[in-house]
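Engineer: Okay, here's the prediction I keep looking at, along with the sequence it came from:
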Amino acid sequence: MNFKFCLGTENPAKVKEIRDILKDFDCEIVLPCVGKFPDETGITFAENALIKALFTAKHCRNLHAVAEDSGLVVPVLGGMPGILSSRFAGPNADDGKNIEKLLKYMTNKNNRQAYFVCVVALITPSGEQKFFEGRLYGRIAEEPRGQSGFGYDPVFEIPEIGKTLGEITSEEKNKISHRAKAFRQLAEYLSMAV
């Protein structure tokens, strides 16, 4: 085994996606039993990723602790939904409600450019902190298309292929996504560091 790390997340869809992204790396992902994660009180993706990584590190002695924060940024909406992407329509909102609110805000907007961002925070066993960032640029579609993925995938269109992330396979998504870019940077770093 090349490297091993603790992944701090409560989202099973993210766990599956990250495992798929890193399938070509010789690594083991450990999911610590940490209980409820602390509230994301940061004002940036990096701050929120660090909050989760530091919490994870307390439960993963002698292992690298990793956590990420990601979301959708729509410049014409002043960067919303941003760090509030998963709770854009309220604290108990689901993907459908978040998409519905986003499309309402996008009514009559000509500029539909958007990007996904993912920031991965790494805490080494010695306490060193490192960050890795990935972005995926696209546009907000006029209506949801496709059943794949999760979150805003059905309304995030990649202009080069004319499809939303909801219309492509998980294998295709995991080659181009913001999360794939950030976690590949992490994996390359850990491959060299361990």
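Structural biologist: That came through fine.

Engineer: Determine the number of other residues adjacent to D20.
Structural biologist: D20 has 14 neighbours, counted by other CB atoms under 10 Å. Using the backbone N, CA and C atoms, a C-beta is placed for each residue, glycine as well.

Engineer: Check L7 too.
Structural biologist: Around L7 there are 24 residues (other CB under 10 Å).

Engineer: And G146, by the same measure?
Structural biologist: By other CB under 10 Å, 17 other residues sit near G146.

Engineer: Quick check: closest non-adjacent residue to it.
Structural biologist: G166 (2.8 Å; CB to CB, 6 or more residues apart in numbering).

Engineer: does the one you found count as helix, strand or coil?
Structural biologist: Here G166 is recorded as helix under DSSP: H, G, I helix; E, B strand; the rest coil.

Engineer: quick one: contacts for it?
Structural biologist: Contacts here follow CB atoms under 8 Å, 6 or more residues apart in numbering; on that basis G166 touches P144, R145, G146, Q147, S148, G149, D153, P154, V155, F156.

Engineer: filter the residues you listed to the buried ones?
Structural biologist: Neighbour-count burial (16 or more other CB atoms under 10 Å) applied to the contacts of G166 gives P144, R145, G146, S148, G149, D153, P154, V155, F156.

Engineer: now, which of those residues lie within strands?
Structural biologist: Of the buried ones among the contacts of G166, the ones assigned to strands by DSSP state E are F156.

Engineer: Neighbours of the closest residue to T9 other than its chain neighbours, how many?
Structural biologist: Closest residue to T9 apart from its sequence neighbours, by CB to CB, 6+ apart: V15 at 6.1 Å. As a burial measure, V15 scores 14 neighbours (other CB under 10 Å).

Engineer: Specify the beta-bridge partners of the residue nearest the centre of the chain.
Structural biologist: Centroid check for the chain by CA atoms, centre = their mean gives S70 as the closest residue, at 3.7 Å. As for beta bridges, S70 partners with C118 under DSSP bridges.
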